[in-house]
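Participant: sharing a sequence plus its predicted fold:
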There are 2 protein chains.
Amino acid sequence: MGNFKAILLICDGMGDRPVPELDGRTPLEVANDVNMSNLALGGECGIMDPIAPGVRAGSDTSHLAILGYDPFVCYTGRGPFEAAGIGMDVRQGDVAFRCNFTTVDSNMVIADRRAGRIEEGTAELAAAVNGMQIEDVTCYFKESVAHRGALVLRGPGLGAAVTDTDPHEVGAKVHDARACCPDDAASAKTARIVNQFVRKSYELLKDHPVNKKRIAEGKNPANIILPRGAGVAPNVQKFQEKYSLKGAAVVETGLIAGIAVYLGMDVIEIPGATGGLDSDVMAMGKGILNALADHDFVLCNVKGCDIAGHDGDANAKLAMIENIDKMIGLLMEEAGDNTYIVLTADHSTPVSIKDHSGDPVPIVFWGPDVRVDCVQEFDERAATRGGLLRIRGTDIMNILTQLMNTQEKFGA
Amino acid sequence: MGNFKAILLICDGMGDRPVPELDGRTPLEVANDVNMSNLALGGECGIMDPIAPGVRAGSDTSHLAILGYDPFVCYTGRGPFEAAGIGMDVRQGDVAFRCNFTTVDSNMVIADRRAGRIEEGTAELAAAVNGMQIEDVTCYFKESVAHRGALVLRGPGLGAAVTDTDPHEVGAKVHDARACCPDDAASAKTARIVNQFVRKSYELLKDHPVNKKRIAEGKNPANIILPRGAGVAPNVQKFQEKYSLKGAAVVETGLIAGIAVYLGMDVIEIPGATGGLDSDVMAMGKGILNALADHDFVLCNVKGCDIAGHDGDANAKLAMIENIDKMIGLLMEEAGDNTYIVLTADHSTPVSIKDHSGDPVPIVFWGPDVRVDCVQEFDERAATRGGLLRIRGTDIMNILTQLMNTQEKFGA
């Protein structure tokens, strides 16, 4: 086994397409990113399909793949990862949901899917519903940031193939959850419990002091909780067991933190890492360096480029790339000679389409002994001329662990 | 969902190897094909393995893969696609065969596998055997072009793992079909039915007026029908259901039409599209443009390059490429700004080997927002320097639908 360490830096949604307002170049092609260029110059580049060529990846499925876990096997829906990401215990047999605090009228018609993007008082509202017992099932609920939360159902004989209660539309009535398949008794039970949970949440929350205060202030009350994205706890091998590497995660979103929690990685809290365009990226870099002191592997996800992509804001994406570039400069300087840096994205979020696309992303492996190629810039098109050619998300940990010399040989 | 349309133009067998009589260049490298070059210049290129690197693809397996259907799962033999391609109904549980009208002597020895390449009277011959009842099985038979036809067996408990009756050799005796595996009772039943069908076809056809006339004219009689290529109806998701795109097919051969029929695409008949070297390719181009008016996606297969390849005729291949190039000019001019054009081949048919090879083929994606690369010519070797690098047939629809913005995201 080797004595190497590694940083896997995933810039969420950084890949893009040619942008007319940037003269047909991508933000990565335009950005002033000398440190990324230095990684390319001293590393081996390529393009990477998180799932497979052309497949539009979510951040969750992509991170699973990049960490070496086949999402077609491991991905059980968003609920369990959201719940784990906010510190909830999700066990085998549980069914977990992501939830919104929502505003409904007395006819259960949606007035505001995000309850006025409520920021304060959600812990008190959560406490009012958490621990609810319905039949032989316990309902654990916890608030996340803003109007978000997660629900974990624990009890015998629950299934996860149920429809959402959130109609995703203002003016529509709250949906009854139902089993996707009529003869799936376990999921039918889950649907029955969820529907009761939703009704009871309305009864418990509609006159809650937090909501009375909101109404008095002219704000939409968070008077119901709508679960969606049901999934069972994924049954995955822990990261350390799989790779013999002690892993940490410096990440900004609950979703990615949830994946890290499932894999048994230490999630490091970074004050100032907001997940927004204002995030203190340099603080994350320092957090990575601190984590390296007692970990072999640090996963970092910086969310900002994805936000800029969803907003269709090329300049914000450029600025975020340049922020990350400064952080990379710090890592290259401070991480030490025995540390690999892998820089990539989990998917493209082109500013032209304001959503994830299936375009591949550039990737570079930088560190001792890599087969340095002729690529001198880190961007979508330069990387196509790199030595790695075209790889997939699930290839990354194999490439990295063989460089780190921690991978078992397959065969003799 | 987007508002894009797409043309997927597959030049059958267009890929080739260096040809000595072309100074070691391929027909695509030599051809005067300015429109293909313009696609390369304004698009993103690569090379494409229809199935996997080095695998010799048939046109049927390749088209399935290119349309996003894994042929290792979906391909159930050529029979069902041939039958569907000539408008026969092939249902779940049926077993379908492609057939030849053949000439045998009274000892069932093959005199002419193609019955003098019979052109006329096959509808009458087909009518004589169609609808035959054997045990509890109905035998549907329909003529195709020339000596070809298809047989569909419909009845309970049929299997498709049976050997061919056609010995593929003049002077050999007609083979008895038999189950590939001795304890496969369903396929044994099919073999028994097929063998009776073959014998009865001889009894019904040997003195048929069409054949009496042929004999009087000194032609070989079509006095027996020999089924081969047994397969069950493939169970595939319809194209529109899979992609939310309304699809049409402008194709020349029954085999490819059969695939389109199975996938629920509208097959557009083009007068003058002969499937030969004399085909009116420009009429196919106009047919594509017409089809685009009320479809989102048009598949086009032009057969000629494959014919030239099988004939070992480099000049005929060159001429066909240049014909297709003119048609592409029309498409680029008329298809509209919101239309993607994907140009590729289903396999290589090198003139040096006169059959399909496993060499990859060039591919280009042309249309809004693609990551234009530095490739300026469309041919086998120039395309290796393209931004797509090396993709597979089953990647194509994923890449295209994410460009068209009609693909669901995998994950969140």
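Facilitator: Yep, it's here.
Participant: make it CA atoms for all contacts and neighbour counts henceforth
Facilitator: Will do.
Participant: tell me the secondary structure of the residue of the stretch 151-300 of chain A at minimum distance from chain B, please.
Facilitator: Closest residue of the stretch 151-300 of chain A to chain B, Cα to the nearest Cα: A:Leu255 (9.0 Å). The three-state label for A:Leu255, taken from DSSP: H, G, I helix; E, B strand; the rest coil, comes out as helix.
Participant: state the distance from the residue nearest to A:Thr344 when sequence neighbours are not counted to A:Cys11.
Facilitator: Spatial nearest neighbour of A:Thr344, chain neighbours left out: A:Ile363 (4.5 Å); criterion: Cα to Cα, 6 or more residues apart in numbering or on different chains. A:Ile363 is 11 Å from A:Cys11, where distance means Cα to Cα, to the nearest Å.
Participant: now do the shared contacts for these two.
Facilitator: A:Leu343, A:Thr344, A:Ala345 (Cα atoms under 8 Å, 6 or more residues apart in numbering or on different chains).
Participant: please, which helix or strand holds A:Asn35?
Facilitator: helix A:34-42 (DSSP states H and E).
Participant: enumerate the positions of the helix or strand following that helix that are buried.
Facilitator: Sequence order places strand A:44-49 as the next helix or strand after helix A:34-42, per DSSP H and E. When burial is assessed from 16 or more other Cα atoms under 10 Å in any protein chain shown, strand A:44-49 yields the following buried residues: A:Glu44, A:Cys45, A:Gly46, A:Ile47, A:Met48, A:Asp49.
Participant: nearest to A:Pro368, of these?
Facilitator: A:Glu44 (11.1 Å; Cα to Cα).
Participant: ok, that closest one - contacts?
Facilitator: Counting by Cα under 8 Å, 6+ apart, the residues that A:Glu44 touches are A:Val364, A:Phe365, A:Trp366, A:Val370, A:Arg371, A:Val372, A:Asp373, A:Val375, A:Gly386, A:Gly387, A:Leu388.
Participant: show me how to select, in ChimeraX, the buried members of those residues.
Facilitator: One line in ChimeraX is enough to select the buried ones among these; burial here means 16+ other Cα under 10 Å:
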select /A:364,365,366,372,373,375,386,387,388
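Participant: the contacts of A:Glu44 in strands, which ones?
Facilitator: A:Val364, A:Phe365, A:Trp366 (DSSP state E).
Participant: next, count neighbours for the closest residue to A:His168 other than its chain neighbours.
Facilitator: Take A:His168 and drop its neighbours on the chain: the residue closest to it by Cα to Cα, 6+ apart is A:Arg113, 7.2 Å away. Neighbour count of A:Arg113, defined by other Cα atoms under 10 Å in any protein chain shown: 24.
Participant: thought A:Arg113 was touching A:Cys99?
Facilitator: No. Counting by Cα atoms under 8 Å, A:Arg113 sits too far from A:Cys99 to count as a contact (10.5 Å).
Participant: where are the low-confidence patches of the stretch 1-150 of chain A?
Facilitator: A:1-2 (pLDDT under 70).
Participant: contact partners for the residue of it found nearest chain B?
Facilitator: Nearest residue of the stretch 1-150 of chain A to chain B, counting by Cα to the nearest Cα: A:Gly54, 3.8 Å away. Counting by Cα under 8 Å, 6+ apart, A:Gly54 makes contact with A:Ser357, A:Gly358, A:Asp359, A:Pro360, B:Asp395, B:Ile396, B:Met397, B:Asn398, B:Ile399, B:Leu400, B:Thr401, B:Gln402.
Participant: and those, which of them are buried?
Facilitator: Those of the contacts of A:Gly54 that meet the buried threshold are A:Ser357, A:Gly358, A:Asp359, A:Pro360, B:Asp395, B:Ile396, B:Met397, B:Asn398, B:Ile399, B:Leu400, B:Thr401, B:Gln402, by 16+ other Cα under 10 Å.
Participant: looking at this, A:Ala83 is in a strand?
Facilitator: No. Using three-state DSSP, the assignment for A:Ala83 is helix, not a strand.
Participant: hmm, it is touching A:Val95, no?
Facilitator: No. A:Ala83 is beyond contact range of A:Val95, at 10.2 Å (criterion: Cα under 8 Å).
Participant: mind listing the shared neighbours of the two?
Facilitator: With Cα under 8 Å, 6+ apart, A:Ala83 and A:Val95 have common neighbours A:Val152.
Participant: with neighbour numbers in mind, choose between these two.
Facilitator: When neighbours are counted by other Cα under 10 Å, A:Ala83 and A:Val95 differ, and A:Ala83 comes out ahead with 32 against 26.
Participant: not counting sequence-adjacent ones, nearest residue to that one?
Facilitator: Nearest to A:Ala83 is A:Ala150, by Cα to Cα, 6+ apart, at 5.1 Å.
Participant: ok so, going back, any idea of the angle the helix holding A:Asn35 forms with strand A:44-49?
Facilitator: Helix A:34-42 and strand A:44-49 are oriented at 110 degrees to each other (axes from the mean of the first three to the mean of the last three Cα atoms, to 10 degrees).
Participant: enumerate the positions of helix A:34-42 that are buried.
Facilitator: Under the neighbour-count criterion of 16+ other Cα under 10 Å, helix A:34-42 has A:Val34, A:Asn35, A:Met36, A:Ser37, A:Asn38, A:Leu39, A:Ala40, A:Leu41, A:Gly42 buried.
Participant: distance of the residue of the stretch 151-300 of chain A closest to chain B from A:Gly13?
Facilitator: 15 Å.
Participant: which of the two has more neighbours?
Facilitator: A:Gly13 (30 against 23).
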